[in-house]
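In: Sharing a model prediction with you, sequence too.
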Amino acid sequence: MLECLFKDPSTACRLRAGPAGPHLDGFTEGLLAKGYASDSVRGYVQVADHFGRWGARRGLAISDLDEAVLARFVRHLPRCRCRHRHGTYQRVPFRVRVFLRYLCDTGVVAPAPCPTASPLAVNYAAWMRDRHGLAATTIAHRLPMVGALLDVVGNDPAKLDAAVVRGFVFDYIHHHTPAVAGNVTSTIRCFLRYLGVQGRCSTDLADAVPKVPTWRHTTLPRYLSDDDVERIIAACARTSSVALRDRAMLLLLARLGLRAGDVVALRLGDIDWKQGRLRVAGKGRRETRLPLPQDAGDAILGYLEKERPTTAIDHVFLTARAPIRPMSTSGLRDVLQHALERIDMHPSSRGTHLLRHSFATRLLREGATLDMIGAVLRHRDVNTTALYAKVDVGLLRRVAQPWPGSEVSPC
């Protein structure tokens, strides 16, 4: 494998003769499979060889290499006089870390010890997954709050009382944005109920969690006009190696009202080209089949034929830069924000749900009922869809009553 990187056969022989030599062919193959260019792989291999030789001169075997050794190696770089050193060393630590990760994945180096989670937190995570069917991302979001509460009492839930719980909740909310307040209280309340069922604390301790006042449907959904949505999609018509991918993803958001997680989780097998349908598994892992709009289907097909990297990964949308991996929800959000910037549009909301709300309001204006909109958006509760009833201003004007004591209705 090294021969494909270096024209001089003696270079490959010299690299294989070094302490890291037995692992460089596999390391090279792995990087190329992830989409790294040959020039980049060549740099990674040379740095790995340098690291291995430096460690060997200090009596370190390849299996002894770890983050602590890497820190020593980095301190050595500014005064490096090694025969095969590189002119610049800014990228060396990152490249060595990639090599260490490869050695760890292949079992050559023992993985770095991770901070062990509390057994109670581990059991609670399993309970959330098995009993409530929560997604891994939701569990990962809740566990830090649970861990923070347990840290307050030294991981002994028997020490929890109403004062401790209320003090923790108020302090946690104070150090975070107001938007997380409701999530914090519901998470802690659920955890305390779990502890009560397990007999680890008082069964009524959950009542000590303060309630955050919330009023449903007090705000209007943020949405864009049809013309603005088309401007965003047209912003992807540019000269770029990811233009087709970006346009296809935004079309799925705008034409079907998909969530960002639905788009990035889409796999090649989820597209039924003959029937023109998509299989989507949203919240709660409930599968739904949706019709694939013509322009969105054409955009996906164009991306698959012209832009998508050749890889064994079966996700539809992939990153363009190595290492090649599936797109993330944050990456999709960045795609939308860059499109907004290109057309100099600055809406109050810049998240991917902006296009989902715009899709729902368009359906409402076209005469769709709330039940129909809820079915397309895959809402479990009709009250969630009822939020969009407030955007039909024409209907609201007809049913609005004059303000008491006023001759003319303010509407």
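Out: Nice, thanks for sending it over.
In: drop to CA atoms for contacts and neighbour counts, all remaining ones
Out: Will do.
In: who's in contact with residue 252?
Out: Residues near residue 252 by Cα atoms under 8 Å, 6 or more residues apart in numbering: 258, 263, 296.
In: Tell me the one of the residues you listed nearest residue 71?
Out: Closest approach to residue 71 among those (Cα to Cα): residue 263, at 39.7 Å.
In: Can you check the pLDDT for the closest one?
Out: Model confidence at residue 263, given as pLDDT, is 94.
In: What residues of stretch 6-17 count as buried?
Out: 12, 15, 16 (16 or more other Cα atoms under 10 Å).
In: Please tell me how far that stretch is from the chain's geometric centre.
Out: On the basis of Cα atoms, centre = their mean, to the nearest Å, stretch 6-17 sits 40 Å off its chain's mean C-alpha point.
In: Let me know the average pLDDT across that stretch.
Out: 87.
In: which regions of the chain sit below the pLDDT cut-off?
Out: 82-89, 112-117, 177-179, 214-220, 283-285, 383, 388-403, 405-411 (pLDDT under 70).
In: tell me the domain ranges of it?
Out: Taking automatic domain parsing as the criterion, the chain consists of the domains 2-105, 119-208, 226-391.
In: Could you report the separation of residue 74 from residue 230?
Out: Distance, residue 74 to residue 230, by Cα to Cα, to the nearest Å: 50 Å.
In: same thing with residue 355?
Out: Residue 355 is 11 Å from residue 230, where distance means Cα to Cα.
In: Which one's more surrounded, the two?
Out: residue 355 (28 against 13; other Cα atoms under 10 Å).
In: The more buried one contacts residue 223, correct?
Out: Yes: with contact defined as Cα atoms under 8 Å, residue 355 counts as touching residue 223 (6.9 Å).
In: Could you export the domains of the chain as CSV, including distance to residue 111?
Out: Shown next, in CSV, are the domains of the chain (distance: least, Cα to Cα, whole Å):
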stretch, distance to residue 111
domain 2-105, 6
domain 119-208, 20
domain 226-391, 21
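In: And these: which comes nearest residue 404?
Out: domain 226-391 (21.6 Å).
In: where exactly do the strands run in the stretch 201-350 of the chain?
Out: Using DSSP state E, counting those that start in this stretch, the strands of the stretch 201-350 of the chain run over 271-272, 277-281, 287-291.
In: most tightly surrounded among those?
Out: Each of the strands of the stretch 201-350 of the chain was scored by mean neighbour count; the highest is strand 277-281, a mean of 19, by mean count of other Cα atoms under 10 Å.
In: Name the surrounding residues that touch that strand.
Out: 262, 266, 270, 271, 272, 286, 287, 288, 289, 290, 291, 292.
In: ok, now which ones touch the second one?
Out: For residue 266, the set of contacting residues under the criterion of Cα under 8 Å, 6+ apart consists of 280, 315, 316, 317.
In: Kindly recompute the last result at 6 Å.
Out: Listed by Cα atoms under 6 Å, 6 or more residues apart in numbering, the contact set of residue 266 reads 315, 316.
In: With the fourth one instead?
Out: Counting by Cα under 6 Å, 6+ apart, residue 271 makes contact with residue 278.
In: what's the answer for the third one, then?
Out: Under the criterion of Cα under 6 Å, 6+ apart, the neighbours of residue 270 are 278, 279.
In: ok, now residue 17?
Out: Not one residue lies near residue 17 by Cα under 6 Å, 6+ apart.
In: and it, how far is that from residue 312?
Out: From residue 17 to residue 312 the distance is 32 Å (Cα to Cα).
In: ok, and the closest non-adjacent residue to residue 248?
Out: Nearest residue to residue 248, sequence neighbours excluded (Cα to Cα, 6 or more residues apart in numbering): residue 299, at 4.9 Å.
In: I'd guessed residue 300 sits against residue 248; true?
Out: Yes: with contacts counted by Cα atoms under 6 Å, residue 300 reaches residue 248, the gap being 5.3 Å.
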